[in-house]
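Chemist: Have a look; sequence and predicted model below, questions after that.
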Amino acid sequence: MANAHRYIPMTEEDRAEMLAAIGAGSVEELFRDIPEDIRYRGVLPMSPALDELSLLGHLKELAGRNADTGTRASFLGAGIYDHHIPVVINHLASRSEFYTAYTPYQPEISQGELQAIFEFQSYICELTGMAVANASMYDGATALAEAAALASGATKRKRIVVSRAVHPEAREVVAATARGLNLELVEVGYAPDGSTDLDALRLAVTPETAAVLVQSPNFFGCLEDLAAIEPIAHGVKGLFVVSANPIALGLLEAPGKLGADIVVGDAQPLGIPQSLGGPTCGFFAVAEPLMRRMPGRIVGQTKDIDGKRGFVLTLQAREQHIRREKATSNICSNQALLALCASIYLSTMGKQGLVDVAALNARKAHYAAGAVTARGGFSLPFAAPFFNEFVVRLPEGVSVKEANLALLHGGYLGGYDLGLAYPELAGHMLVAVTEKRTRGEIDGFAAMLEEASA
């Protein structure tokens, strides 16, 4: 019998055979456990079926209603950034050899995938100044949570101290992990300049502290004094964990050179699309003594029996199915395709290219800060140095939400409303500026923000 739905390759005979195999007389019987009074018996409010040409036109019209970074100049960051993505990335990453690959269990037929991951690990070590990096994590937030778990296991301690200037969503992920592992999570506030309050940090760090977790640039865009935080963590033999923006590492000293034991972060700025907030790709790098405690897996370089260079999965804990309830990590795979995007980005940009992009981000952000605060009523509440994000205090009584709506209608995606995560910062906007923003867009944004706040 012909199937009425040509994109669903199942005939009535197929349906009858499956129902017979499970002992059901009809599809309706499969729902018999759902009470009748809560079932929806009406007709869903959908349009009639459209032919292919009409459907394409309808979907194009719907897509045209979206406000995206192709139609609006974006000043929104807060963890996901509108950076330029070289066209070569999509060209290479979309090749079927990479696009359909899952996990390189068989090295003899996965050399390309394994080499790409090995290069990603090498790039991350170079950027972070660490000895070893893994094949990637699910995202930056889960990488930070895994760092807290690793620190607890390595030190046999339960106290995790985290700065309140760390991304609020990342702190939520750390808190969820801490609950499951019975860890004590202590938050330390930020100082008047927008960086972590070092005096409060010293009071919070005790001999029971497993790790100190900070982010630099932090959620407010401010640079943390990592050299000052390192002795506070190591003074009690705790671990020092830093979450870093990989683009910023094109300008800033590598955290590993400043004493970090674990460096994590999100590789999204490295040629990975914003994609409505994900998926992204986390990175995780450690000092050599912690290598065997790392979650996930590591690709290593070796030689075959003929002396030719080859790549294999050197360490892969696969803890869920080996250690089961004793597992210390929740990761079982890696973001191979997105790690590939990051590798292509870094190889395309090169060392000087990354420095240049980072410098453009910093310069344009500082120009934007000056353009906004040159207008009456706007100010920068934090004095700490910043990279490509900064906090703006709007004029008294002005709502960030209303200002952003006006900006949207004017052709701009406004900044993040800090009052959502920090009640004391109501009326403050977190503005992100990347290398894509032009002088005209920045000036236009500043003028429109002033108009929206009038």
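Modeler: On my side now, so go ahead.
Chemist: which residues of the stretch 201-350 of the chain fall in strands?
Modeler: For the stretch 201-350 of the chain, strands defined by DSSP state E, counting those that start in this stretch occupy the ranges 209-216, 239-244, 262-266, 282-286, 297-303, 309-316.
Chemist: Could you provide these in JSON lines, with additional columns for distance to residue 414?
Modeler: From N, CA and C alone the C-beta is placed, and that goes for glycine too. Output for the strands of the stretch 201-350 of the chain, formatted as JSON lines (distance: least, CB to CB, whole Å):
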{"stretch": "strand 209-216", "distance to residue 414": "23"}
{"stretch": "strand 239-244", "distance to residue 414": "25"}
{"stretch": "strand 262-266", "distance to residue 414": "22"}
{"stretch": "strand 282-286", "distance to residue 414": "27"}
{"stretch": "strand 297-303", "distance to residue 414": "40"}
{"stretch": "strand 309-316", "distance to residue 414": "44"}
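Chemist: want to throw those into TSV with mean neighbour count and mean pLDDT?
Modeler: Formatted as TSV, these follow (neighbours: other CB atoms under 10 Å; pLDDT from 0 to 100):
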stretch	mean neighbour count	mean pLDDT
strand 209-216	27	98
strand 239-244	27	98
strand 262-266	30	98
strand 282-286	30	98
strand 297-303	17	92
strand 309-316	17	85
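Chemist: quick one: what helix or strand has residue 365 in it?
Modeler: Residue 365 is part of helix 336-373, with elements assigned from DSSP states H and E.
Chemist: Between strand 282-286 and that helix, find me the angle.
Modeler: Relative orientation of helix 336-373 versus strand 282-286 (axes from the mean of the first three to the mean of the last three CA atoms, to 10 degrees): 100 degrees.
Chemist: What is helix 336-373 packed up against?
Modeler: helix 87-93, helix 96-99, helix 111-128, strand 389-393, strand 428-432, helix 439-452 (3 or more CB pairs under 8 Å, 6 or more residues apart in numbering; DSSP states H and E).
Chemist: between those, which gets nearest to residue 224?
Modeler: strand 389-393 (13.5 Å; CB to CB).
Chemist: got the angle between that closest one and helix 336-373?
Modeler: Using the same axes, to 10 degrees: strand 389-393 against helix 336-373 is 40 degrees.
Chemist: what does the following helix or strand past strand 389-393 rub up against?
Modeler: Later in the chain than strand 389-393, the nearest helix or strand by DSSP H and E is helix 400-409. Residues outside helix 400-409 that contact it (CB atoms under 8 Å, 6 or more residues apart in numbering): 67, 72, 394, 413-415, 417-419, 426-429, 445, 448-449, 451-453.
Chemist: Mind doing that once more with 6 Å?
Modeler: 414, 417, 429, 448, 452, 453 (CB atoms under 6 Å, 6 or more residues apart in numbering).
Chemist: Could you do stretch 340-358 as well?
Modeler: 86, 88-89, 92-93, 98, 116, 119-120, 123, 247, 250-251, 267, 270-272, 435.
Chemist: Distance from it to the middle of the chain?
Modeler: Its chain's C-alpha centre and that of stretch 340-358 lie 18 Å apart, by CA atoms, centre = their mean, to the nearest Å.
Chemist: Kindly export that stretch (C-alpha atoms) in CSV.
Modeler: Extracted in CSV, the C-alpha atoms of stretch 340-358 (Å, rounded to 0.1, in the frame of the first residue of the first chain):
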residue,chain,number,x,y,z
LEU,A,340,37.6,21.2,14.8
CYS,A,341,36.0,24.6,14.1
ALA,A,342,38.2,26.1,16.8
SER,A,343,41.3,24.4,15.4
ILE,A,344,40.6,25.7,11.9
TYR,A,345,40.0,29.2,13.3
LEU,A,346,43.3,29.2,15.2
SER,A,347,45.3,27.7,12.3
THR,A,348,43.7,30.2,9.9
MET,A,349,44.3,33.2,12.1
GLY,A,350,47.8,32.2,13.1
LYS,A,351,49.6,33.6,16.2
GLN,A,352,49.7,37.2,14.9
GLY,A,353,46.1,37.1,13.7
LEU,A,354,44.9,36.1,17.1
VAL,A,355,46.8,39.0,18.6
ASP,A,356,45.4,41.4,16.1
VAL,A,357,41.8,40.2,16.7
ALA,A,358,42.2,40.5,20.4
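Chemist: Report the buried residues of it.
Modeler: 340, 341, 342, 343, 344, 345, 346, 349, 354, 357, 358 (16 or more other CB atoms under 10 Å).
Chemist: show me what contacts residue 293?
Modeler: Under the criterion of CB under 6 Å, 6+ apart, the neighbours of residue 293 are 150, 154.
Chemist: Just the pLDDT at it, thanks.
Modeler: For residue 293, the pLDDT comes out at 90.
Chemist: and if you look at residue 353?
Modeler: Per-residue pLDDT puts residue 353 at 97.
Chemist: same check, this time on residue 54
Modeler: Per-residue confidence (pLDDT) for residue 54: 94.
Chemist: The one 4 residues further on too?
Modeler: The predicted local distance difference test score for residue 58 is 94.
Chemist: What distance do you get for the nearest residue to it once chain neighbours are set aside to residue 454?
Modeler: Leaving aside its sequence neighbours, residue 58 sits nearest to residue 50 (CB to CB, 6 or more residues apart in numbering; 6.3 Å). Residue 50 sits 45 Å away from residue 454, going by CB to CB, to the nearest Å.
Chemist: my guess is residue 259 contacts residue 228, does it?
Modeler: No. At 10.4 Å, residue 259 does not count as touching residue 228 under the criterion of CB atoms under 6 Å.
Chemist: neighbour-wise, which of the two wins?
Modeler: residue 259 (17 against 13; other CB atoms under 10 Å).
Chemist: okay, now the residue lying closest to residue 25 once chain neighbours are set aside: neighbour count?
Modeler: Once flanking residues are discounted, residue 25 sits nearest to residue 19: 6.9 Å by CB to CB, 6+ apart. When neighbours are defined as other CB under 10 Å, residue 19 has 15 of them.
Chemist: Please, which helix or strand holds residue 19?
Modeler: helix 12-22.
Chemist: Would you mind putting the CA coordinates of that helix into PDB?
Modeler: This file holds the C-alpha atoms of helix 12-22, laid out as PDB (Å, rounded to 0.1, in the frame of the first residue of the first chain):
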ATOM      1  CA  GLU A  12       0.500   0.200   6.700                       C
ATOM      2  CA  GLU A  13       2.000  -3.300   6.500                       C
ATOM      3  CA  ASP A  14       5.000  -2.100   8.600                       C
ATOM      4  CA  ARG A  15       2.700  -0.600  11.100                       C
ATOM      5  CA  ALA A  16       0.500  -3.700  11.500                       C
ATOM      6  CA  GLU A  17       3.600  -5.900  11.800                       C
ATOM      7  CA  MET A  18       5.000  -3.700  14.700                       C
ATOM      8  CA  LEU A  19       1.700  -3.600  16.500                       C
ATOM      9  CA  ALA A  20       1.400  -7.400  16.200                       C
ATOM     10  CA  ALA A  21       4.900  -7.800  17.600                       C
ATOM     11  CA  ILE A  22       4.100  -5.900  20.800                       C
END
